[in-house]
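> Kindly return the folded structure for what I paste below:
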Amino acid sequence: MKRSEVNAFMREGIAFLAKKQFLLPSFAFWTPEAWRAKGAECREIVTNQLGWDITDFGSGNFLKTGLFLFTIRNGSLADPVKTYAEKIMIVREGQITPTHFHSQKMEDIINRGGGNLVIRLWNAKANDELDDTAVTVSVDGVRKTIPAGETLTLHPGDSVCLPQRNYHSFWGEAGKGTVLVGEVSRVNDDRTDNRFHAPIGRFPQIQEDEQPLHLLCTDYAKYYTC
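Modelled structure (predicted):
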């Protein structure tokens, strides 16, 4: 992705979040120059990958295969105290997050408003291939079972709890509008805990054609030196 694209999607995302009255923490708006001046008091943000995360999963086409995320809070797998995480995401119509599961993280995916979120589900075999067994999940406390590879549709206000090793892919339903999606989960580690069914990159390769508007979580090492 070009940095100019990331900046443009970030501006659009900030406007969408404001329209939905979802407020981000102050550090979301620190400039790269501000980050250069930060000290050890900000280490948790960097270590736990809080903040902006805009990815095309290496596809080169964010609008087709991509996801807009902001990690609001997160612990560490090495820290037994903070064992939870929270993200806010923006999912466009037809914009696919590729099929993947997490070995450590159990997560609730929540439609916070806007359009409908479509989620396709499979169980994983022991060898990490897609299983053909029926998938059972909890949708707002109600157990639902669907055939392997079938979809659930979350309308605004709906949520689903996805256990570990549950393969899932999702996108915004066509004709229903952009979706504001929440995630509440166990600790999130995007460096090690994503198993994509097809080989794919979790983070984008950035072409620096302009300066960052705000830093992605993958940018911290270039600007934060403590």
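
> in a helix, that's where Glu5 is, yeah?
Yes - counting by DSSP: H, G, I helix; E, B strand; the rest coil, one finds Glu5 located in a helix.

> How about the contacts made by it?
Listed by Cβ atoms under 8 Å, 6 or more residues apart in numbering, the contact set of Glu5 reads Phe62. Heads up, the C-betas are built off the backbone N, CA and C, glycines and all.

> Relative to Thr55, how far out is it?
12 Å (Cβ to Cβ, to the nearest Å).

> List the residues that are in contact with both of those two.
Each of Phe62 lies in contact with both Glu5 and Thr55 under the rule Cβ under 8 Å, 6+ apart.

> name the element the nearest residue to Leu24 once chain neighbours are set aside belongs to?
Spatially, and ignoring its direct neighbours in sequence, Leu24 is nearest to Phe70 (6.2 Å; Cβ to Cβ, 6 or more residues apart in numbering). Using DSSP states H and E, Phe70 sits within strand 67-74.

> Identify each buried residue in that strand, please.
Buried residues in strand 67-74, defined by neighbour count with 16 or more other Cβ atoms under 10 Å: Leu67, Phe68, Leu69, Phe70, Thr71, Ile72, Asn74.

> Stretch 42-61 now?
Neighbour counts over stretch 42-61 (16+ other Cβ under 10 Å) mark 42, 45-46, 48-57, 59 as buried.

> now do stretch 150-157
Leu152, Leu154, Pro156.

> Excluding chain neighbours, what is closest to the residue positioned nearest the centre of the chain?
The centroid of the chain falls nearest to Leu69 when counting by Cα atoms, centre = their mean (4.6 Å). Nearest residue to Leu69, sequence neighbours excluded (Cβ to Cβ, 6+ apart): Asp53, at 4.1 Å.

> Residues contacting the host helix or strand of the one you found, please?
Taking DSSP H and E as the criterion, Asp53 maps to strand 51-55. For strand 51-55, contacts defined as Cβ under 8 Å, 6+ apart pick out 1, 6, 9-10, 13, 27-28, 45, 62, 66-71, 190, 202-204, 214-218, 220.

> try 6 Å
Defining contact as Cβ atoms under 6 Å, 6 or more residues apart in numbering, one finds that strand 51-55 is touched by Val6, Phe9, Leu67, Phe68, Leu69, Phe70, Phe203, Pro204, His214, Leu216, Cys217.

> distance of Met102 from Asn48?
Just to correct that, residue 102 is His rather than Met. Separation of His102 from Asn48 (Cβ to Cβ): 16 Å.

> ok, the residue of the chain most remote from its centre to Phe27 distance?
Going by Cα atoms, centre = their mean, the residue of the chain most distant from its centre is Ala37, 27.9 Å out. Counting by Cβ to Cβ, the gap from Ala37 to Phe27 is 13 Å.

> same question, Gln207
Taking Cβ to Cβ, one finds Gln207 at 25 Å from Phe27.

> How about Val184?
Noted for Val184: a distance of 20 Å to Phe27, by Cβ to Cβ.
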